[in-house]
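K.L.:
Below are the sequence and a predicted model for it; my questions follow.
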Amino acid sequence: MEKTMKMFEVSGKFIQKGNERKFAKKIEAQTEFAAAEKTMALFGSNYKIKRRHVFIEELKEAKKE
């Protein structure tokens with residue numbers, strides 16, 4: 001049984017070296033929770049930012065292209 005992946009638009013802000021910066025990303029995931037987790041994991045692995053420094057302000061389903 002194959003689960004369908006949805007596209008989500010995630011936006012918010014993060015703190016890096018004391019500076020607050022905004023971000024907007026498109027994430028492919030099955031649920032909103034999974035999209036939020038994937039966003040935090042990507043910031044951690046790519047930029048070494050802790051989850052407590054990532055603030056998701058908006059998470060909505062986008063049309064898949």
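P.N.:
Looks like it came in fine.

K.L.:
Residues touching the helix or strand containing Arg21, excluding its own?
P.N.:
Secondary structure from DSSP states H and E places Arg21 in strand 19-29. Contacts with strand 19-29, where a contact means C-beta atoms under 8 Å, 6 or more residues apart in numbering, come from 5-15, 35, 38-39, 42, 62, 64. (Each C-beta comes from the backbone N, C-alpha and C, glycine too.)

K.L.:
next structured bit after it?
P.N.:
According to DSSP H and E, the helix or strand after strand 19-29 is helix 32-47.

K.L.:
what sits against Ser11?
P.N.:
Lys22, Phe23, Ala24, Lys25, Ile56, Glu57, Glu58, Leu59 are the contacts of Ser11 under C-beta under 8 Å, 6+ apart.

K.L.:
Wait, a strand at the last one?
P.N.:
Yes - if the criterion is DSSP: H, G, I helix; E, B strand; the rest coil, then Leu59 is within a strand.

K.L.:
Once you drop chain neighbours, what's closest to it?
P.N.:
Val10 (5.1 Å; C-beta to C-beta, 6 or more residues apart in numbering).

K.L.:
circling back to that earlier point, from the contacts of Ser11, keep the buried residues only.
P.N.:
Phe23, Ile56, Leu59 (16 or more other C-beta atoms under 10 Å).
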